[in-house]
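>>> Predicted structure and sequence below. I'll ask about it afterward.
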Amino acid sequence: MKLHQLTKGLTALTAGLLISFSAHADANVSAATARPSPEWLRSGTIYEIFPRDFSAAGNLIGVTAKLDELKDLGVTVLWMMPIHPIGTKYRKGDFGSPYSIRDYYAIDPNYGTLADFKALVAGAHQRGMKVIMDLVANHTAWDSVMMSNKDFYKQDANHNVIPPVPSWTDVAGLNYNSAALRQYMITMLKYWINEADVDGFRCDVAYMVPTDFWEQVRTELTKVKPDIMMLAEASKPELLVKAFDLDYSWPLLATLNNVLLRNAPAIDLRKSWEESRREFPKNALHLRISDDHDEARAVARYGINGALAASAFMFTLDGVPLIYNGMEVGDATESGDPALFDKLNIFWDPKERPQLRSIYHDLIQLRKQYAALRTDSVMWLRNSDEAKLITFLRGDDHDEFLVVINFSNRPLLGKVDLRNVAGFTPVKINGLDASDAGPLPTFHLNGFEWRIYHRVVVPAK
């Protein structure tokens, strides 16, 4: 869940602006330094899994069966959407939202058993992948086992338990003024680390839960597993100072939607990135997303070529990229509300798609091979058509990458403002039908086409 679900009809832009406005009140946060994150996260690629839709079986065994495919794709972190039993009281849809949880200590029987989950985590670890669980700390189902303690919940003036937001009728809001609730949640999180050896948590609507609780959580969980990872579903700078390793780049996603769907100028992407850089703590890490369970699928929003341009942007920018549930094959099955409340299997072999899996594989491998694409250094470059083109450099002492992306649906002849272009050659991305590159600093790009150039840095004599 996220903020733009609070009121129907809010656009992604409005959501991003509201989140940004509420999050950036403390100017002192921008002068701070973000907490250090484990290297396996900073250099990783996260794959979000909705087990209900990921396989025909719709269970944990169905996920385990595809671990080799996920490893071959190159992903390093598996984010499991909630795997707990779903409430039946006030349920939405036939299956209910996985974010309406009855018991944090249990596995949804439709998904399997604790043994199945432990086997999944162990199998991922054997293949060098990490596993993080989805933590829904803001609310529970109305028939949660926790309802026996009414003080755990938010209440109105008449002492009636209430949802966290009026329109979220299928869930009841948790009350973090309760010290007992805080201890219950922390103990539960330690259970999953000790019992199943999970590597971290993606924390649902983290901006709606008090920051000091998250800081408590981080302190306690680090005692159990020092390199634990925490991802905040939020765009709230203070969360990255002590509590979380990374958050969502919602403002950038909102801007991307404006560029690709509403004809906003491409240079707005640079402006959004620069604004976040100013407002967030130094070295802050962001999840780079173009597709997830709260959005219509990227290929449905942007078209296949537009979705690939969006992915090229997110995978070559600083931060940690995300692949969602079949995104690597161009699955266009409905996502977000109300599809979240039903079962809609991934189409693993959709008709007439380019070789998307090869393209994503090569983008991931490029990040793995070159540290220059894993730093927080981004140098934006001026170009001849900033309403349509994005151009930037990524680099370190060994390599430099020039990224050029046409965010319009029409061919163009562009020029990048880069004095020294010597040594740059186009990177071969398997499955991508690239047009003739031509000599830099000029280039020709078809509609939504993108290109990555590489050169080795020659040490100064």
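Looks like it came in fine. From a predicted model like this one, the values you see are computed outputs, not experimental measurements.
>>> Phe50: neighbour count?
Number of residues near Phe50 (other Cβ atoms under 10 Å) recorded here: 25. Every C-beta, even on glycine, is put in place using the N, C-alpha and C of the backbone.
>>> meant to ask about Phe347
The burial count for Phe347: 14, using other Cβ under 10 Å.
>>> Ramachandran angles for Gln365?
phi -60, psi -30 (degrees, to the nearest 10).
>>> Excluding chain neighbours, what is closest to it?
Closest residue in space to Gln365, ignoring its immediate chain neighbours: Gly74 at 5.7 Å, by Cβ to Cβ, 6 or more residues apart in numbering.
>>> which residues does the one you found contact?
45, 360-361, 364-365, 368 (Cβ atoms under 8 Å, 6 or more residues apart in numbering).
>>> likewise Leu445?
389, 404, 406, 411-412, 414, 435, 451.
>>> repeat that with 7 Å
Going by Cβ atoms under 7 Å, 6 or more residues apart in numbering, Leu445 touches 404, 406, 411-412, 414, 435, 451.
>>> Quickly check the contacts of Gly74 for the two that are furthest apart.
Using Cβ to Cβ, the two most remote members of the contacts of Gly74 are Tyr360 and Lys368, lying 12.6 Å apart.
>>> of these two, who's got more company?
Just comparing Tyr360 and Lys368: by other Cβ under 10 Å the higher neighbour count belongs to Tyr360, 24 against 15.
>>> is it true that that one touches Ile323?
Yes: Tyr360 lies in contact with Ile323 (Cβ atoms under 7 Å); the separation is 6.5 Å.
>>> residues in contact with the closest residue in space to Phe244 that isn't next to it in sequence?
With sequence-adjacent residues excluded and distances taken as Cβ to Cβ, 6+ apart, Phe244 is closest to Ala232, at 4.2 Å. Under the criterion of Cβ under 7 Å, 6+ apart, the neighbours of Ala232 are 203, 206, 239, 244, 247.
>>> Among those, which ones are in strands?
Assigned to strands by DSSP state E, the following of the contacts of Ala232 qualify: 203, 247.
>>> ok, back up a step: could you check how far the residue nearest to Phe244 is from Gly414?
Using Cβ to Cβ, to the nearest Å, one gets 37 Å for the distance from Ala232 to Gly414.
>>> Check Asp433 too.
Taking Cβ to Cβ, one finds Asp433 at 19 Å from Gly414.
>>> For those two, indicate the residue with more neighbours.
Gly414 (18 against 9).
>>> what helix or strand is the more buried one on?
strand 412-415 (DSSP states H and E).
>>> Determine the set of other helices and strands touching the helix or strand just after that strand.
Downstream of strand 412-415, the first helix or strand assigned by DSSP H and E is strand 425-426. Judged by 3 or more Cβ pairs under 7 Å, 6 or more residues apart in numbering; DSSP states H and E, strand 425-426 is in contact with strand 450-456.
>>> in the strand it packs on, what's buried?
By neighbour count with 16 or more other Cβ atoms under 10 Å, strand 450-456 contains the buried residues 450-455.
>>> Kindly report the same for stretch 196-204.
Applying 16+ other Cβ under 10 Å to stretch 196-204 flags 196, 198-204 as buried.
>>> Figure out how far that stretch is from the centre of its chain.
14 Å (Cα atoms, centre = their mean, to the nearest Å).
>>> Now do that stretch: distance from first to last residue.
This stretch, stretch 196-204, spans 20 Å end to end (Cα to Cα, to the nearest Å).
>>> From here on, call the first residue 13.
Renumbered: residue one is now 13, and that last one reads stretch 208-216.
>>> Tell me where the model's unsure across the stretch 13-162 of the chain.
For the stretch 13-162 of the chain, residues meeting the criterion pLDDT under 70 lie at 13-39.
>>> ranges for the helices of it?
24-35, 51-54, 63-66, 72-76, 79-85, 126-138 (DSSP state H, counting those that start in this stretch).
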